[in-house]
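**Student:** Pasting the sequence and the predicted model now:
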2 protein chains.
Amino acid sequence: MIPDEYDAGNLASTLKRQAGLTNEETELFLSFLSLKKLHKKEHYLNAGDICNAVAYVNKGCLRRYIIDEHFKESILNFSLEDYFVGDLESLMLKEPTVYFIQALEDCELLLLSRENLSRVYDLIPKFKEFHDYKMKRNHYYTIKRLTFAKSATPEEKYLLLMKDQPQLFQRIPMHFIASYLGIEPESLSRLRKRLTIKSHNS
Amino acid sequence: MIPDEYDAGNLASTLKRQAGLTNEETELFLSFLSLKKLHKKEHYLNAGDICNAVAYVNKGCLRRYIIDEHFKESILNFSLEDYFVGDLESLMLKEPTVYFIQALEDCELLLLSRENLSRVYDLIPKFKEFHDYKMKRNHYYTIKRLTFAKSATPEEKYLLLMKDQPQLFQRIPMHFIASYLGIEPESLSRLRKRLTIKSHNS
DNA sequence: CGATTTTTTGAATCATATCAACGTACGTGG
DNA sequence: CCACGTACGTTGATATGATTCAAAAAATCG
């Protein structure tokens, strides 16, 4: 399955390979980026903030979550190296976001601010085309994933996550996975036990 | 809450009011539409089809659903008069859709084909602007709604639907509502009973 | 090493699913 | 226009799966 948000290879190489930028354009693009480091548990975005940049995950792992009416967290997705994070709705419309985005490890993000994004749009039309396409794709993908979440059991969701982002399971505590699946950590523990028994028997 | 898909008032009046079209532009726009009638239970779209038009619901009520791995239907949303239905992903990318869209009553749809949509885009730039904005809004709304679905209880989803589309409850069988909520008809029956008791006590 | 966090386990409880049966409404053809 | 058949909604009994609360075991970090 397609990664969450819109994806990119190593940023420079993706820009060349996928967006078809020249070396010069890629250099120009990179010159608009700034580096942001986050400590584990630090938030990149809080509900109520206005998101002012697109962030490329150069190193680390983050979670996006909401806090619902009953003050419970619900994780919507994880972002690993080579993903983009942020809230495009907030970025585009300059509205406060409803999401929290938190580092689950020490992270290195490459930021492209709203202003620089529009500069790059003007300077490198190929990038605008590429980015628009990626955003569209990403929207459709997000909808598909949430649609799947509606009809799938926790076990099915667990197995899909295993397939999509296996690295995750080596890097973050299980209770985050549970929150993503929409179940309690105790239930995930039991689900995992059932699955290992199943796989032993086969 | 915002209606599902992107919304419109009565089509002509919305085009004037919301998109700011002149009377002439509106006439021109309407000349690109064709009428499609559907009998109750007839499908407008089946999974595997390529969606070739944007459809405005002039009269009637439809449901969009998927069939999951276990051959179970799951309703994603209902569309009443003044909504648009179709699959934008399939329309834009000419890819087979994963959705079924079925008339729950006899329906009257106004179709704008892919070709006519792009003609109208060229002829009436104000419409393109309006439509792009609406599509963007609609994407964000769809994501919010699915996100809510993830953390809400069936009761919360029921009450929200009551608030958003109360007409629905007079027009379609309850088992469709149950499918939308992700529960069985029996459970919906019991949920409704609980709610009437609650409201009597207050 | 000790302290904290994470994972596992157990027992009781709760919500929904499932299966079966029944009553009701509806519309369709005779 | 009525009667019959199908579709719909409700109810009961039971099963299933997740939650909740409590506690212990295991892993991780400073």
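**Tutor:** Great, that's in hand. Numbers count the residues shown, from 1 in each chain, chains lettered A, B, ... in the order given.
**Student:** Roughly how far does the residue nearest the centre of chain A sit from A:Arg194?
**Tutor:** What sits nearest the mean C-alpha location of chain A, by Cα atoms, centre = their mean, is A:Ser79, with 3.5 Å. According to Cβ to Cβ, to the nearest Å, A:Ser79 stands 29 Å off from A:Arg194. Bear in mind the C-beta positions are built from the backbone N, C-alpha and C, glycine included.
**Student:** can you list the domains in chain A?
**Tutor:** Using automatic domain parsing, the domain parsing of chain A gives A:11-142, A:152-202.
**Student:** Go through those domains and pick out the most buried.
**Tutor:** The highest mean neighbour count among the domains of chain A, using mean count of other Cβ atoms under 10 Å in any protein chain shown, belongs to domain A:11-142: a mean of 17.
**Student:** Looking at chain A, which residue is nearest chain B?
**Tutor:** A:Leu146 (3.6 Å; Cβ to the nearest Cβ).
**Student:** Can the helix or strand encompassing that residue be said to contact DNA strand D?
**Tutor:** In the assignment (DSSP states H and E), A:Leu146 maps to helix A:125-151. No. Judged by Cβ under 7 Å from any atom of the strand, helix A:125-151 stays clear of DNA strand D, getting no closer than 13.6 Å.
**Student:** How about the helix or strand that comes right after that helix and DNA strand C, any contact?
**Tutor:** For helix A:125-151, the following helix or strand on the C-terminal side (DSSP H and E) is helix A:154-164. No. Judged by Cβ under 7 Å from any atom of the strand, helix A:154-164 stays clear of DNA strand C, getting no closer than 12.0 Å.
**Student:** which residues are in contact with helix A:154-164?
**Tutor:** Here helix A:154-164 makes contact (Cβ atoms under 8 Å, 6 or more residues apart in numbering or on different chains) with A:1, A:3, A:148-149, A:152, A:168-169, A:177, A:180-183, A:187-188, A:191-192, A:194-195, B:69.
**Student:** ok now do the closest residue to DNA strand D within chain A, which residues does it touch?
**Tutor:** Nearest to DNA strand D in chain A, going by Cβ to the nearest atom of the strand, is A:Ser187, at a distance of 3.1 Å. Residues near A:Ser187 by Cβ under 8 Å, 6+ apart: A:154, A:178.
**Student:** secondary structure element for it?
**Tutor:** Counting by DSSP H and E, A:Ser187 is part of helix A:185-201.
**Student:** Can you report the mean pLDDT over the residues of that helix?
**Tutor:** Helix A:185-201 comes out with an average pLDDT of 89.
**Student:** How much space separates the nearest residue in space to A:His39 that is not next to it in sequence from A:Leu62?
**Tutor:** Setting aside the residues directly before and after it, A:His39 is nearest to A:Asp106 in space (Cβ to Cβ, 6 or more residues apart in numbering or on different chains), at 5.8 Å. In this view, A:Asp106 and A:Leu62 are 11 Å apart by Cβ to Cβ.
**Student:** Need the overlap of contacts for the two.
**Tutor:** Joint contacts of A:Asp106 and A:Leu62 (Cβ under 8 Å, 6+ apart) are A:Leu38.
**Student:** Of all the domains of chain A, which one is nearest B:Tyr141?
**Tutor:** For the domains of chain A, proximity to B:Tyr141 was assessed by Cβ to Cβ; domain A:11-142 is nearest, at 9.7 Å.
**Student:** excluding its backbone neighbours, what's nearest A:Gln102?
**Tutor:** Nearest in space to A:Gln102, with sequence neighbours left out and distances taken as Cβ to Cβ, 6+ apart, is A:His43 at 4.9 Å.
**Student:** The one you found touches A:Thr97, doesn't it?
**Tutor:** No. The pair A:His43 / A:Thr97 is not scored as a contact, 11.4 Å apart, by Cβ atoms under 8 Å.
**Student:** For the helix or strand where A:Leu112 lies, give me every contacting residue.
**Tutor:** Assigned by DSSP H and E, A:Leu112 falls within strand A:107-113. Contacts of strand A:107-113 with the rest of the structure, by Cβ under 8 Å, 6+ apart, involve A:11, A:32-38, A:44, A:52-62, A:85, A:120.
**Student:** show me which of the residues you listed neighbour DNA strand C.
**Tutor:** Residues of the contacts of strand A:107-113 in contact with DNA strand C (Cβ under 7 Å from any atom of the strand): none.
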